[in-house]
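Novice: predicted model follows, preceded by the sequence.
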Amino acid sequence: QQQVKQSPQSLIVQKGGIPIINCAYENTAFDYFPWYQQFPGKGPALLIAIRPDVSEKKEGRFTISFNKSAKQFSLHIMDSQPGDSATYFCAASIGSSGNTGKLIFGQGTTLQVKP
Amino acid sequence: DSGVTQTPKHLITATGQRVTLRCSPRSGDLSVYWYQQSLDQGLQFLIQYYNGEERAKGNILERFSAQQFPDLHSELNLSSLELGDSALYFCASTEGSSYNEQFFGPGTRLTVL
């Protein structure tokens, strides 16, 4: 119930393409769903996050789509660039008062954007 | 730069040894989380401290322990090291005890030979 399943494991797109990474969860108590971007040798960096009361959130070229009934959420990267080549992790947590906010991570997706 | 610092950046040691990893949270953040990243297990939550008190434990081995000091920096102690403990160890900090936005440090890469 605490798992977050992420797919695909790896993804290759051409510059300008729109890679889509999907995540699914079981625990309906999760109330916060962030995406992290990690470059080799670096720590994960928060990219964008969503709460279950909205179905979509955009920040720059990054969009999260959230489907509460299906318990799924996805990351779309518009007009992808070679600099977006990194590993992307979805995560989920229970952040409401009294809970710890610990992040449960998906397995990660390695994205390569070809020039 | 997230504002979270971790030392050392790299650590190479032998099986059976003990090491200490250090984390300084962002200024004003009271909560520190420790995560382990390995190829086979991915990113896994280990333990959380809030204002000096342990708040939550995850998949942390009994050989591992942590603490948070009055100045809010945290240390993760790993003892009786095994080859399988080789991994990246990250700490993350947040303002409150359950605030969601966690900022990660650059990590400590531990290699056990």
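Specialist: That came in fine, so what should we check first?

Novice: any low-confidence regions in chain A?
Specialist: A:1, A:96-99 (pLDDT under 70).

Novice: chain B contacts on that one?
Specialist: A:32, A:34, A:36, A:42-46, A:49, A:89, A:93-108 (Cβ under 8 Å from any Cβ of the partner chain). Where you see a C-beta, it was placed from the backbone N, CA and C, and this is true even at glycine.

Novice: let's see 10 Å
Specialist: Residues of chain A lying near chain B by Cβ under 10 Å from any Cβ of the partner chain: A:2, A:4, A:6, A:31-34, A:36, A:38, A:41-46, A:49, A:51, A:89, A:91, A:93-108.

Novice: out of these, which end up buried?
Specialist: Taking 16 or more other Cβ atoms under 10 Å in any protein chain shown as the criterion, what is buried in the residues of chain A next to chain B is A:4, A:6, A:31-34, A:36, A:38, A:43-44, A:46, A:49, A:89, A:91, A:93-95, A:99-108.

Novice: partner strands of the helix or strand harbouring A:Phe33, parallel or antiparallel?
Specialist: Here A:Phe33, judged by DSSP states H and E, is contained in strand A:33-38. Within its sheet, and counting by DSSP bridges, strand A:33-38 is paired with strand A:45-50 (antiparallel), strand A:86-92 (antiparallel).

Novice: now the element after the last one, going C-ward?
Specialist: The reference is to strand A:86-92. Following strand A:86-92 toward the C-terminus (DSSP H and E): strand A:104-105.

Novice: which residues touch that following strand?
Specialist: With contact meaning Cβ atoms under 10 Å, 6 or more residues apart in numbering or on different chains, strand A:104-105 is reached by A:1-4, A:6, A:23, A:25, A:27, A:30, A:34, A:36, A:44, A:89-94, B:35, B:37, B:42-45, B:58.

Novice: what's near enough to touch B:Glu54?
Specialist: B:Glu54 touches B:Ile47, B:Gln48, B:Ser65, B:Ala66, B:Gln67, B:Gln68, counting by Cβ under 10 Å, 6+ apart.

Novice: cool, B:Ser27 as well?
Specialist: With Cβ under 10 Å, 6+ apart, B:Ser27 has these contacts: B:Gly3, B:Leu72, B:Ser93.

Novice: my guess is the last one contacts B:Tyr33, does it?
Specialist: Same thing as B:Ser93. Yes - if you go by Cβ atoms under 10 Å, B:Ser93 and B:Tyr33 touch, sitting 7.4 Å apart.

Novice: tell me the contacts of the residue lying closest to A:Ala29 once chain neighbours are set aside?
Specialist: Nearest residue to A:Ala29, sequence neighbours excluded (Cβ to Cβ, 6 or more residues apart in numbering or on different chains): A:Ile94, at 5.2 Å. Residues near A:Ile94 by Cβ under 10 Å, 6+ apart: A:Asn27, A:Ala29, A:Phe30, A:Asp31, A:Tyr32, A:Thr100, A:Gly101, A:Lys102, A:Ile104, B:Ser98, B:Asn100.
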